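> what follows is a predicted protein model with its sequence.
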Amino acid sequence: MAYSTIPKGSLYMNTLLYTGNGATSNPLTGLGFQPDFNWTKYRNASAFHSLSDVVRGVNSQIYSNDTSAQAAGTNSVQSFNSDGLTVGSDSNYNGNGGTYVSWNWKAGTGQGSPNTDGSINTTYTSVNTTAGFSISLYTGTGSNATIGHGLGAVPSMVMTKRLSAGDDWIVWNKDLTNPASYLYLNGTNDEMGSVPAYQNITPTSTLLYPGTDGRTNNSGQTYITYCFADVKGYSKMASYVGNGNANGTFIYTGFKPAFFMAKRKSASGDPWVLIDNKRNTFNALSNTLTPNDTNAANTGTDRADFLSNGIKIRTTSDAWNGSGSSYIYMAFASNPFVATSGSDAIPVTAR
């Protein structure tokens, strides 16, 4: 039996729920590590999905639901701390009495350093090879290029956003049709690839291959890219096919999920969907957010179960489970199905 190298997923990816107080400085604790990538959403009201990271630095936000250039201020994420983060009075982070969800990932040590493996040297790359996650800041050239991601493993999913001007998010997943295919994180489009955001070259364990499109590589423009690789028992980025039945598709991950985000790739008009184990503490999970829009949480309909070794879809909704439709997803573990080798090798149970 194969064992996971990460016995506890929350050491590298964890979700924090909190209530805002409207203060100019609100320290949030209980995460268990210093976050390097933070994604926050106001749950009970319409608001932007706000993303921050250590590579771009504090008080620098981009939004998964919007094309805006990077925004700066003093009232969003003010610091990344050893057990959480401190947020200011920005209503996207800390409205008085608002309920929030904060998803957090651990990358490398601090802002990182330049990666010089590609034809474009990154300004900074912060990388965690154990958890298969890296964050890179770079400046485009406008020509077909290569960029080092630092993972030492082939990425399974890549998300890129232009910072210095408004533009769409580009999301690539290994189970899209080809390496030049992509989806918009901020949109409901189906799979596209006619404009060369990425060259038609599969990423390697060292390099990404941005094309000549302004969304990934305009001359003199700055970009952030988040790269994720599969790690046995901790993370998986892949695809599934829906069956259109309330007794829906089972998605084997090899771990007990803590976070699951998916998008229908074979048809347009459906949102990204996102569930986690903190807003949903028992099956069936119904508390859903949609990263491409500002909507408050949808809590009305059962969507899925988190099992000991994967996800069971529980809806006929086209956004989750259209008959014959193809979906990409990314998932992270609370625990691997089998945590460690030897005497501690105890399979986890379903919820």
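Received, thanks. Numbering: from 1, shown residues only.
> in terms of residue numbering, what are the domains of this structure?
Using automatic domain parsing, the domain parsing of the chain gives 9-105, 124-228, 236-344.
> what separation do you get for the closest residue to A107 other than its chain neighbours and A333?
Leaving aside its chain neighbours, A107 sits nearest to D36 (3.7 Å; criterion: CB to CB, 6 or more residues apart in numbering). The way it works is simple: take the backbone N, C-alpha and C, and place the C-beta from them, glycine included. In this structure, D36 and A333 are 18 Å apart, going by CB to CB, to the nearest Å.
> so these two - more neighbours on which side?
A333 (30 against 25; other CB atoms under 10 Å).
> state the helix or strand in which that one lies.
For A333, the element it lies in under DSSP states H and E is strand 326-336.
> who does that strand pair with, and is each partner parallel or antiparallel?
Sheet pairing of strand 326-336 (DSSP bridges) gives strand 235-241 (antiparallel), strand 255-264 (antiparallel).
> of those, which approaches N121 most closely?
Checking the strands paired with strand 326-336 against N121 by CB to CB gives strand 235-241 as the closest, at 26.3 Å.
> checking S10 next. Helix, strand or coil?
helix (DSSP: H, G, I helix; E, B strand; the rest coil).
> can you tell me the element the closest residue to it other than its chain neighbours falls in?
Using CB to CB, 6+ apart and skipping residues adjacent in sequence, the residue nearest S10 is G32, 5.8 Å away. G32 belongs to no helix or strand when elements are defined using DSSP H and E.
> what's near enough to touch G32?
S10, L11, N14, D83 (CB atoms under 8 Å, 6 or more residues apart in numbering).
> now the strands: where do they sit in the stretch 51-200 of the chain?
Shown for the stretch 51-200 of the chain, the strands assigned by DSSP state E, counting those that start in this stretch span residues 60-63, 71-72, 77-81, 84-87, 99-105, 124-128, 133-139, 147-148, 157-162, 170-173.
> direction included, what does the fifth one pair up with?
Taking DSSP bridges as the criterion, strand 99-105 sits next to strand 13-19 (antiparallel), strand 37-42 (antiparallel) in its sheet.
> can you put these in a markdown table and add mean pLDDT?
Formatted as a markdown table, those follow (pLDDT from 0 to 100):
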| stretch | mean pLDDT |
| --- | --- |
| strand 13-19 | 97 |
| strand 37-42 | 98 |
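> which of these sits most buried?
A comparison of these by mean neighbour count, using mean count of other CB atoms under 10 Å, puts strand 37-42 on top with a mean of 24.
> show me the contact partners of that one.
For strand 37-42, the external contacting residues (CB under 8 Å, 6+ apart) are 20, 47, 49-54, 64, 77, 80, 85, 87, 91-93, 95, 98-105, 107, 133, 135, 226, 289, 296.
> pull that strand out as CSV, backbone CA atoms only.
This file holds the C-alpha atoms of strand 37-42, laid out as CSV (Å, rounded to 0.1, in the frame of the first residue of the first chain):
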residue,chain,number,x,y,z
PHE,A,37,-1.4,32.5,-0.1
ASN,A,38,-4.7,33.8,1.3
TRP,A,39,-8.2,33.7,-0.4
THR,A,40,-11.0,35.4,1.6
LYS,A,41,-14.7,35.7,0.9
TYR,A,42,-17.5,37.5,2.8
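> next, the angle strand 77-81 makes with it.
Angle of strand 37-42 versus strand 77-81, following axes from the mean of the first three to the mean of the last three CA atoms, to 10 degrees, is 130 degrees.
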